[in-house]
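In: This is a predicted model, with the sequence first.
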Amino acid sequence: GLAGAGVAAAALTTDTPTEGSPVIDSVTDNVGNPDGASVPLASNGATNDATPTLSGRTTPGAVVTVRDGDTVLGTTTANPDGAWTFTPTTPLADGGHSLTASTTADGVTSTSAPFVVNVDTKPPVAALAVNDVTADNLITAQEAGLETMPVTGKATGEFRPGDVVTVAVNGKTFTGNVNEQGNFSVNVPTTDLLADPDTQLEVTLAATDAAGNTANVPGSKDYNVQAGLGPNTAPVNSLPTTAQTAVSGTAKDIAGISVNDADGNLATAKLSVLNGILNVSLNGATISGGANGSPTFTLSGTQAQINA
């Protein structure tokens, strides 16, 4: 099929043929076109229809022989108005084909001008490059205030202007189109760039070649987010692995408390005692008690303060 409008070109036309001289008026692509349409081909044009339909005119009732070069593809008979059509039963191989129509009357064979079709049924070969999201590929606090940020890149190889580019980020998709040079720019909400769990752009080009074949061409780009701006990762608290006993009236150090916070945010660990007095050396962190009579206390501070 030939995707998109404007691909079809004028078919070959002549005046009414003389007795016994056939003409090929058109060759149509019938595969993969929008709404199942048949699209006229230009001579020497490309198609992914390996069995295109030929239409023409000749003497009413004449037997028309259709050839590909010297190879006979088949025959058909002109109707009472002299019109004829022919569709190959055996698919044409990928490559160029010089199609002709001929008739024979009184031992004399007349042959039409050739109509050349180039069959291409292979998917387009293309590549997709995705640019850094910023000059240094890092979304800073200042850039985080932007409503959207452009995701840009370039397609190379076989594609058509207007082919669709889809950007997937944070479980959502956003679309744009490539221009004649293959460049694209898709605006993506900055909040989604910040919230994406793996900070990776997944980009796909729905590429179309001159014959109408299509293929999904993938691309990706990892990017970075300034600390504290991305998704908040819960801190990992480590507490003593063995029970520790405090003797009444005797100071007791509780060892083995640490916090690992990937985001560098404030971290919290909980300490519990039962039937005793809790004494803690804080180094900048703070401790708060639970409800009256509760054995639970909350230790708060930065990772460095708690681990000190």
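Out: Here it is on my side, so go on. Numbering: from 1, shown residues only.
In: shaky segments in the stretch 201-308 of the chain?
Out: Screening the stretch 201-308 of the chain residue by residue with the criterion pLDDT under 70, one finds the ranges 230-241, 243-308.
In: let's see 50
Out: For the stretch 201-308 of the chain, applying pLDDT under 50 flags the ranges 267, 277, 279, 281.
In: show me what contacts Pro88?
Out: Shown in contact with Pro88 (C-beta atoms under 8 Å, 6 or more residues apart in numbering): Ala50, Thr51, Pro52, Val66, Leu73, Gly74. All C-beta atoms are positioned from the backbone trio N, CA, C, and that covers glycine.
In: Over to it. Which of the three states is it?
Out: Here Pro88 is recorded as coil under DSSP: H, G, I helix; E, B strand; the rest coil.
In: Report pLDDT for it.
Out: Looking at Pro88, its pLDDT is 97.
In: So it versus Phe115, what's the distance?
Out: Applying C-beta to C-beta, to the nearest Å, the value for Pro88 to Phe115 is 13 Å.
In: In strands, which of the contacts of Pro88 appear?
Out: Secondary structure from DSSP state E places Val66, Leu73, Gly74 of the contacts of Pro88 in strands.
In: Buried subset of these, written for ChimeraX?
Out: Entered in ChimeraX, the line below selects the buried ones among the ones in strands among the contacts of Pro88, by 16 or more other C-beta atoms under 10 Å:
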select :66,73
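In: Rebuild the ones in strands among the contacts of Pro88 as TSV, extending it with distance to Thr100 and pLDDT.
Out: Below are these laid out as TSV (distance: C-beta to C-beta, whole Å; pLDDT from 0 to 100):
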residue	distance to Thr100	pLDDT
Val66	7	98
Leu73	10	98
Gly74	13	97
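In: so which of the ones in strands among the contacts of Pro88 comes closest to Thr175?
Out: Leu73 (42.4 Å; C-beta to C-beta).
In: Now do the end-to-end distance for stretch 75-87.
Out: Distance across stretch 75-87, first residue to last, is 10 Å (C-alpha to C-alpha, to the nearest Å).
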